[in-house]
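Visitor: give me the fold of what follows.
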Amino acid sequence: MRKLHGKGTDRVLAFLFGLLNILLIFLFAISDDFLHWAFTRHQNQWSWYIRPFFLIPFCFSAYRHSFAGMLASVFLLFTSMFWFPEPDNIDPDVRMFLQFEINWLKSPWGAGKIFSLFLIPLSFTMLAVAFWKRSFPFGLAVLAFMALGKIAWSVWEGGSFGKSVIVPATAGLVVTSLLIYYAWRRVNSNG
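Guide: Residues are numbered from 1 along each chain as shown. Sure, this is the predicted structure:
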C-alpha cells in the first residue's frame, strides 16, 4: 500500500473531518436528546468565549492550503459548545437565548431560515478564500462580518435575550483579530 504524503494525507483527513462534521450536524437534526444535552452544556459561557479562537487555526490552515486543518477547526468549533459541564448558575438571558436558538433550529423551514443558515457556510468559505489568497484585510473584514452578523442576528431574532451574545462575540472578534494580526506580521516579516 502506498504511503500517503502531503496533499494525499490532507485530502484523506479532510474527508474524515468532513464526514465528522456532517455526522454531527445530522445528529443535531435527528436527536432532540442530543440537541438538548449539547445546549444544556452550552449554557456554560466558557464555550461562548473559546469558540472564536478556533477561527485562528481555520485561518492558518487556509493560509497553508490545508482542507484537513480547516475542517478539523470547524469540527472543534462545533464540538466546543459541549466541552464544558452545565454551569451551577445560569444567566437567565443565556438560558432564554439558547432556548430561543433551539426553537428556531426546530422551527419549520422558510426563506428567512434558509438564508440565515446559508450565511454560515458562505462566511466560512469567504474566510477561507481570504486567507487562502493571503489577503489579510479581506480576512479581517470577513471576521468582523461574522461576529457582527452573529450579534445582529441574535439581537434581531432573539430580542433582548440575544444581547447576551454581544460581549463574547465582541471579545472573540477583538482577541482573534489581534492574534491573527500578530501571526500575520510574524509570517510576513520572516520572508
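Visitor: can you give me the end-to-end distance of stretch 100-112?
Guide: End-to-end distance of stretch 100-112 (Cα to Cα, to the nearest Å): 16 Å.
Visitor: now what about that stretch, what contacts it?
Guide: With contact meaning Cβ atoms under 8 Å, 6 or more residues apart in numbering, stretch 100-112 is reached by 28, 32, 35-36, 39, 113, 157-159, 161-162. To be clear about C-beta, it is placed using only N, CA and C from the backbone, and glycine gets the same treatment.
Visitor: now it: buried residues?
Guide: Neighbour counts over stretch 100-112 (16 or more other Cβ atoms under 10 Å) mark 100-102 as buried.
Visitor: and the residues you listed as TSV, adding pLDDT and secondary structure?
Guide: Formatted as TSV, these follow (pLDDT from 0 to 100; DSSP: H, G, I helix; E, B strand; the rest coil):
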residue	pLDDT	secondary structure
F100	93	helix
E101	93	helix
I102	92	helix
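Visitor: save those as a markdown table, and put in distance to I151 too.
Guide: Listed next are these as a markdown table, based on distance: Cβ to Cβ, whole Å:
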| residue | distance to I151 |
| --- | --- |
| F100 | 15 |
| E101 | 14 |
| I102 | 19 |
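Visitor: closest to L13 out of those?
Guide: Among those, E101 lies closest to L13 (Cβ to Cβ), at 30.3 Å.
Visitor: the residue nearest the centre of the chain is in what secondary structure piece?
Guide: Geometric centre of the chain, nearest residue: L77, 5.0 Å, by Cα atoms, centre = their mean. Assigned by DSSP states H and E, L77 belongs to helix 67-79.
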